[in-house]
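Undergrad: mind looking at a prediction? Sequence and model below.
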Amino acid sequence: MLTIGVLKEPGKETRVSLNPDIAASFVKNNIKVLLEADAGAKAFHSNQQYEGAGVQIANRSEILTQNDILLSINLPDHETLNNLKPGSVIIGVFQPLFHVAKMEELAKKDITLFSLDMLPRTTRAQAMDVLSSQANIAGYKAVLLAANVFPRYFPMFMTAAGSIPPAKMLILGAGVAGLQAVATARRLGCVVDVFDTRPAVKEEVMSLGAKFVEVEGAADASKAGGYAVEQSEDFQQRQKAKIAEHAAKADVIITTAQIPGRKAPILITKEMIANMKAGSVIIDLAAFSGGNTDFTKDNETIVENGVTIIGDSALYATAPSDASKMYSKNIQNFLKLIIDKDGQLNLNFEDDLVKGACIAHEGKIVNERVAGMLQAV
């Protein structure tokens, strides 16, 4: 019988790889599911709920020695990996382009490593696209966080004591997080401007009631999977001027621009922040990879010239129940690619999604992008 093991996540991580409903679907298909005790507690799923779904609660050592597929959103620690059953498959979100040396180390172990953030960004992959499902939550939460920190109202109010103008929000990046931020900000009554280097997203932005800020001459980003791409020096100068103009008028800025495997581009400079209004708020969702401002620090709040800059690339963790629900569904859809109808492991590397997400197999790095970065070191 195939065995799926689910580990308790380390540190401040609030999500769990499988919620009870998705775990139950595997149990019904004659797949054994082992869950480390309290792995779902921070996502408000009790051990009793899992047991009711047919999941067996086990200690960490039992899971490591019995599993065929190990689910851990974050990369397990060195000790855990050393005690892992040989031949195991590990699935999570490991950001391999930022941890290439670690990936090389792991490749030498007898494990197969899948990182779902490396899935090709294709239509077929949407059902298992963990980046999009989690970014949706992050965009929503970024606006709510800004509303809590911002010292004034978001919507327009007309009262006997006077009128309050609506807050002006600038959103940099119209990917999944950016578009959800637009929708949420508009529902809260903000006037929203959106900047993105991809002209193709203009229609989506406008359909949500925001204004699209255009800078002509952007490099084609249609094949970048929703990420930013590096731009020419001339474009960067014109982009900088346009962003500076809008930043000076903005009450709130939400930034989302990232480049795979590279430091996030600086879009809001210290000069721009110096010209922003006191009390303004910046929420930087690209904080993990360096941030989109000169002052961003991940998991920290910085106040500069009266502007509050919050770096948080894991805002989805503030909605752990729904974040886990969507992540679990992504996992379920990916596992359909590597578990056959008889409930047996079947690693079909002819499938472009299986191949694209696989980082290490049979003692070596098999992902071309990660291998290329190793060669460049």
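TA: Now that the structure is in, tell me what you want to look at.
Undergrad: who touches the residue lying farthest from the centre of the chain in this structure?
TA: Most distant from the centre of the chain: A160, at 44.3 Å, with distances by CA atoms, centre = their mean. Neighbouring residues of A160 by CB atoms under 8 Å, 6 or more residues apart in numbering: there are none. Quick note: C-beta positions are derived from backbone N, CA and C, even for glycine.
Undergrad: now the residue nearest the centre of the chain: how far from G175?
TA: For the chain, L131 is the residue whose C-alpha lies nearest the centre (CA atoms, centre = their mean; 4.3 Å). Going from L131 to G175 by CB to CB, to the nearest Å gives 9 Å.
Undergrad: show me how the chain divides into domains.
TA: Annotated domains of the chain cover 3-128+323-376, 134-318 [automatic domain parsing].
Undergrad: skipping adjacent residues, who's closest to N367 in space?
TA: I359 (4.8 Å; CB to CB, 6 or more residues apart in numbering).
Undergrad: all helices for the stretch 251-377 of the chain, in order.
TA: Here the stretch 251-377 of the chain has its helices, by DSSP state H, counting those that start in this stretch, at 270-274, 320-338, 352-357, 368-376.
Undergrad: quick one: buried residues of the shortest one?
TA: When you say that, I think you mean helix 270-274. Across helix 270-274, burial judged by 16 or more other CB atoms under 10 Å covers M272, I273.
Undergrad: now the second one
TA: Of the residues in helix 320-338, those buried by neighbour count under the rule 16+ other CB under 10 Å are 320, 322-335, 337-338.
Undergrad: gap between it and the chain center?
TA: Put simply, helix 320-338 sits 14 Å off its chain's centre (CA atoms, centre = their mean, to the nearest Å).
Undergrad: would you mind measuring from N29 to L335?
TA: 10 Å.
Undergrad: now do the same end-to-end measure for stretch 356-365.
TA: Across stretch 356-365, the terminal residues are separated by 12 Å (CA to CA, to the nearest Å).
Undergrad: okay, buried residues for that stretch please.
TA: For stretch 356-365, the buried set under the neighbour-count rule, 16+ other CB under 10 Å, comprises G356, A357, C358, I359, A360, H361, I365.
Undergrad: same thing with stretch 247-256?
TA: Buried residues in stretch 247-256 (16+ other CB under 10 Å): A247, A250, D251, V252, I253, I254, T255, T256.
Undergrad: show me which pair in those residues is furthest apart.
TA: Maximum pairwise distance among the buried residues of stretch 247-256 (CB to CB): 17.8 Å, between D251 and T256.
Undergrad: please look at Y316 and L131 and confirm they touch.
TA: No: assessed by CB atoms under 8 Å, Y316 is found out of contact with L131, at 10.3 Å.
Undergrad: the strands in the stretch 51-200 of the chain, which residues?
TA: Using DSSP state E, counting those that start in this stretch, the strands of the stretch 51-200 of the chain run over 56-58, 69-71, 89-92, 112-115, 157-159, 162-164, 168-172, 191-195.
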